[in-house]
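S.K.: I would like the atomic coordinates for the input below:
(one chain, ligands or ions: 2)
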Amino acid sequence: MKNIDSKSHVRGESVYLDDIPLVHGTLFACAFDSPVAHGKLKSVDTTEAEKSEGVIRVITAKDLIGENQIGGIIPDEPLLADDEVHFQGMPIAIVLAESEVLARKAAKKITADIEQLEPVTDPRIAAANNDLIVPPKKFKLGDTDAAFIRCEHVFEGRADINGQEHLYIETQGAYATPTENGGLRVYSSTQGPTAVQRAVCRVTGLAMHEVEVDVQRLGGGFGGKEDQANAWAAICAVGAQLTKRPVKYALHRMEDMRMTGKRHPYSADYKIGIGEDLKIFAYEATFYQNAGASADLSPPVLERTLFHCTNSYFIPNVTATAYSCRTNLPPNTAFRGFGGPQGMFVIESAIAHAAEKLGVPAWDIQQANLIDSGDEFPYGQIAESDAITTWTQGDGMFDFARLQEKADEFNVSSKYFKKGVAMMPVCFGISFTKTPMNQARSLVHVYTDGSIAVSTGAVEMGQGVNTKIAQVAASMFGLPIEAVRLHTTNTLRIANTSPTAASAAADLNGKATQMACDAIRERLFEVAKPLVEAENTADLSLDDGFVYRNGERTSLDWKTLVMDAHLQRVNLSEHAHYATPGINFDWETARGHPFAYHGYGTAIVGVTVDCLRGRYEIDYVKCCHDFGSSMNTSVDHGQIEGGIVQGIGWMTIEEVFYDADGKLRSNALSTYKVPDIYSVPKEIAILPLETDRENLAVFNSKAVGEPPLMYGIGAYFAIRNAIKAFKKICPPDVGAAADHAVLSFDAPFTAEKVLMNLYETADG
Ligand code: MTE
Ligand code: MOS
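M.R.: Residues are numbered from 1 along each chain as shown. Ligands and ions are numbered 1, 2, ... in the order given. As a prediction, the model looks like this:
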């Protein structure tokens, strides 16, 4: 079944923030942001801006009625710079004007006197200065110190991973309108309506019941609007509060790129111990996360790096330590995979390192260590399913060895084009690792004409969650999907929402919807029982718009039943609450059962490198993916294809570049390249693995939002393998042969970097 939004999307009729009709008197906001990355803010001069055409007011930190604070997890993020600036792009003052153009013009007239301080952009330097966002986090399984002594082979190295710009098509934005008695209604392009509500309340001093947040849909979020939508909503709210007029702020692309945080870059050290049988016996990793200037979501992102630091492998002895390092960059934030992909890149680097030194294919090591059911993850949870099945089934379908042979045959006959192949298994835990966040609500109304309205805490951002929730309601009532309408995500209808994140929105909100529908259905069956002369309500079911008794269609149709129930004064609405059962985690012991379940998959990635120019093409990504039992294959395939392309972009062509002054040089689409139709894989093949029924997934359909992104990591190692077919390479290690080129593990593998690597050797 198609995404329910597909028609309005292709007609251009879907409503995003910028499509909301404006109320008369609306003002437009524009931020004046810090031109330096670190400094003491001595004064701000807004006089010229205030005199500028169409300007109604200029706001600085001292004007806020509430607190100048929007830090969600740690209160370390002022909305407007007060006495210091911490990154280039940090908002200092807000202009409110009669039009967008006039607001932007006036903002340029603001000046600030800033005494510059030394900026720090490198997380290792921040760690050396002990400038950490939170105390270090650690996972420990077994005893690595003792284990390394017993390993035949031990390799140590370093891996660096760059950030990633979210590049949601719809930029950040919000629109706040005053409501009576000093309240506010805020439309926001956010994944977290409640997070926006809290931030708005904090800066305005209002209570949560005075602030309504409404979200129709997002033109993409990818984690970038889980927390970072808050600032713009807070700015609009403050503006509306101070002027008593509606205020809108939709960022320009370059403002968005400059002022918002991205995927966290990481630098990491690893040590891997392997036996003759290629079993990984011990693994140690130390992660330095580049958090940016304030906490934002860095602590939980750091935690998920640890949760996924051994990817799909069972390793009996693991020590992993992670530092969240404060730097003078915009606060980095959630991005599809939430720190997991960075952890996986590091272990894949360690495995590639070992393979190159031992002279074996990396996939022999990968395959020898795949997690099996009953194995223990480094955080104490026992695997209930395994990483082996997607590998073997994928192999059965795609014949991995044959694909490698084909590449080898090609490479023998081709001098300047070389093919490389790499395997990428993925294991991803589903649930928010902070247990209390795993709850959701759904409000279902059945109207007297038989139509159904559903509101949940889930935010539609292109991933198709509304389609899945509509499918749940339609199937519970045995009706076509058109009978169900999903309404905006609104804090008045659904309170205390968790953000739409962690790939868990369909599970959580779908389950709540199922519960709400079930309660209404039970009441309807009580009404139907005498009408169709059934003995038990358990004998009744709904399908095709009719009541069925023991599987036989009766003459009682849906609309009649609903009207009868209403006339009998039976409640046709339900507000249900779902909390994932059986999950827990204790950071004191770093042990527990944080995930409802794991999603698995294995991909094989093939590339061709042009060894004269350093350019490359992704020939294919073929994967066997664990869907549980997909409730919507077209939506789920879309998630896999999109995730793969986004993951490949991160690993290959997308290069976030801050200079030593903390200035973003890749600040526009001319300097920041994202995959386009020409750079996506020529083939994406998906073999669905229908696994045992996973009853913690909605309708047994496993979460699919984030895991496929990590297949993209395979592209990095496939490119490395293609280079290996061109010349002798080795990882940075002691005893590198002079005729080998030393290739570090440093993503992304841009064409420029590939070219350098093709023509460098250890002896220069
Ligand atoms: N797909 C689209 N089209 N747009 C998005 O913004 N976000 C991803 C993923 N897929 C995203 C997307 C991220 S980061 C997450 S966590 C999940 O969708 C969230 O939605 P879900 O919980 O419904 O899977
Ligand atoms: Mo997704 S990074 O959990 O919003």
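S.K.: ok, the residue in the stretch 301-450 of the chain positioned nearest to ligand 2 - contacts?
M.R.: Nearest residue of the stretch 301-450 of the chain to ligand 2: residue 334, at 3.9 Å (CB to the nearest ligand atom). Every residue, glycine included, has its C-beta placed from N, CA and C. Contacts for residue 334 (CB atoms under 8 Å, 6 or more residues apart in numbering) come out as 223-224, 226-227, 297, 301, 501.
S.K.: so where do the strands sit in the stretch 401-550 of the chain?
M.R.: Assigned by DSSP state E, counting those that start in this stretch, the strands in the stretch 401-550 of the chain fall at 417-430, 439-446, 452-456, 484-486, 489-490, 540-543, 546-549.
S.K.: JSON lines for those, including distance to residue 143 and mean pLDDT?
M.R.: Listed next are these as JSON lines, based on distance: least, CB to CB, whole Å; pLDDT from 0 to 100:
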{"stretch": "strand 417-430", "distance to residue 143": "23", "mean pLDDT": "98"}
{"stretch": "strand 439-446", "distance to residue 143": "37", "mean pLDDT": "98"}
{"stretch": "strand 452-456", "distance to residue 143": "46", "mean pLDDT": "98"}
{"stretch": "strand 484-486", "distance to residue 143": "52", "mean pLDDT": "98"}
{"stretch": "strand 489-490", "distance to residue 143": "48", "mean pLDDT": "98"}
{"stretch": "strand 540-543", "distance to residue 143": "56", "mean pLDDT": "98"}
{"stretch": "strand 546-549", "distance to residue 143": "61", "mean pLDDT": "98"}
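S.K.: out of the ones you listed, which is closest to ligand 1?
M.R.: strand 417-430 (9.1 Å).
S.K.: low-confidence ranges in this protein?
M.R.: 761-764 (pLDDT under 70).
S.K.: in it, what residue comes closest to ligand 2?
M.R.: For the chain, CB to the nearest ligand atom, closest residue to ligand 2: residue 223, 2.8 Å.
S.K.: let me know the secondary structure of the residue lying closest to that residue once chain neighbours are set aside.
M.R.: The shortest distance from residue 223 to any non-neighbouring residue, by CB to CB, 6 or more residues apart in numbering, is to residue 334 (3.2 Å). Judged by DSSP: H, G, I helix; E, B strand; the rest coil, the three-state class of residue 334 is coil.
S.K.: give me the neighbour count for the closest residue to ligand 1 within the stretch 1-150 of the chain.
M.R.: With CB to the nearest ligand atom as the measure, residue 3 is the residue of the stretch 1-150 of the chain nearest to ligand 1, at 9.5 Å. Residues near residue 3, counting by other CB atoms under 10 Å, number 18.
S.K.: quick revisit: Three-state assignment for the residue of the chain closest to ligand 2, please.
M.R.: coil.
S.K.: need the phi and psi values for it.
M.R.: Backbone torsions for residue 223, taken as degrees, to the nearest 10, come to phi 100, psi -20.
S.K.: can you count the residues close to it?
M.R.: For residue 223, using other CB under 10 Å, the count is 26.
S.K.: list the residues that contact it.
M.R.: 166, 191, 263, 333-336, 338, 501.
S.K.: where's it relative to residue 630, distance?
M.R.: Distance of residue 223 to residue 630, computed by CB to CB, to the nearest Å: 23 Å.
S.K.: center of this protein - which residue?
M.R.: The centre of the chain sits closest to residue 336, judged by CA atoms, centre = their mean, with a distance of 2.4 Å.
S.K.: so the residue of the stretch 1-150 of the chain closest to ligand 1 sits right up against residue 470, yeah?
M.R.: No: with contacts defined as CB atoms under 8 Å, residue 3 does not count as touching residue 470, sitting 10.1 Å away.
S.K.: burial count for residue 747?
M.R.: So residue 747, with other CB under 10 Å, has 25 neighbours.
S.K.: make a ChimeraX selection of whichever of the contacts of residue 334 turn out to be buried.
M.R.: A single ChimeraX command selects the buried members of the contacts of residue 334 (16 or more other CB atoms under 10 Å):
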select :223,224,226,227,297,301,501
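S.K.: and which of the contacts of residue 334 is nearest to residue 199?
M.R.: Comparing the contacts of residue 334 against residue 199 with CB to CB places residue 227 closest, at 8.9 Å.
S.K.: in the stretch 251-400 of the chain, which spans are helices?
M.R.: Assigned by DSSP state H, counting those that start in this stretch, the stretch 251-400 of the chain shows helices spanning 253-259, 298-307, 340-358, 362-368, 388-398, 400-413.
S.K.: hmm, the second one touching ligand 2?
M.R.: Meaning helix 298-307. No: using CB under 6 Å from any ligand atom, helix 298-307 stays clear of ligand 2, coming no nearer than 8.3 Å.
S.K.: what does that helix contact?
M.R.: 73-74, 133-134, 137-139, 264, 266, 287, 289, 291-292, 320, 322-324, 331-334, 337-340, 342-343, 377-379, 429, 433-434, 594.
S.K.: and the angle for it with strand 417-430?
M.R.: Angle, helix 298-307 to strand 417-430, by axes from the mean of the first three to the mean of the last three CA atoms, to 10 degrees: 110 degrees.
S.K.: likewise for the longest one?
M.R.: Angular relation of helix 340-358 and strand 417-430 on a 0 to 180 degree scale: 130 degrees, by the same axes, to 10 degrees.
S.K.: helix 340-358: which residues count as buried?
M.R.: Using 16+ other CB under 10 Å as the test for burial, helix 340-358 gives 340-358.
S.K.: same thing with the fourth one?
M.R.: Applying a neighbour-count criterion of 16+ other CB under 10 Å, one finds 362-363, 365-367 buried in helix 362-368.
S.K.: what do you get for the last one?
M.R.: Neighbour counts over helix 400-413 (16+ other CB under 10 Å) mark 400, 403-404, 407, 411 as buried.
S.K.: residue 385 reaches residue 601, doesn't it?
M.R.: No: using CB under 8 Å, residue 385 is not in contact with residue 601, being 11.6 Å away.
S.K.: quick check: residues of the stretch 351-500 of the chain near ligand 1?
M.R.: When proximity is defined as CB under 6 Å from any ligand atom, the stretch 351-500 of the chain approaches ligand 1 at 461-463, 465, 500.
S.K.: of all the residues you listed, which two lie farthest apart?
M.R.: 462 and 500 (11.1 Å).
S.K.: neighbour count winner among those two?
M.R.: residue 500 (31 against 20).
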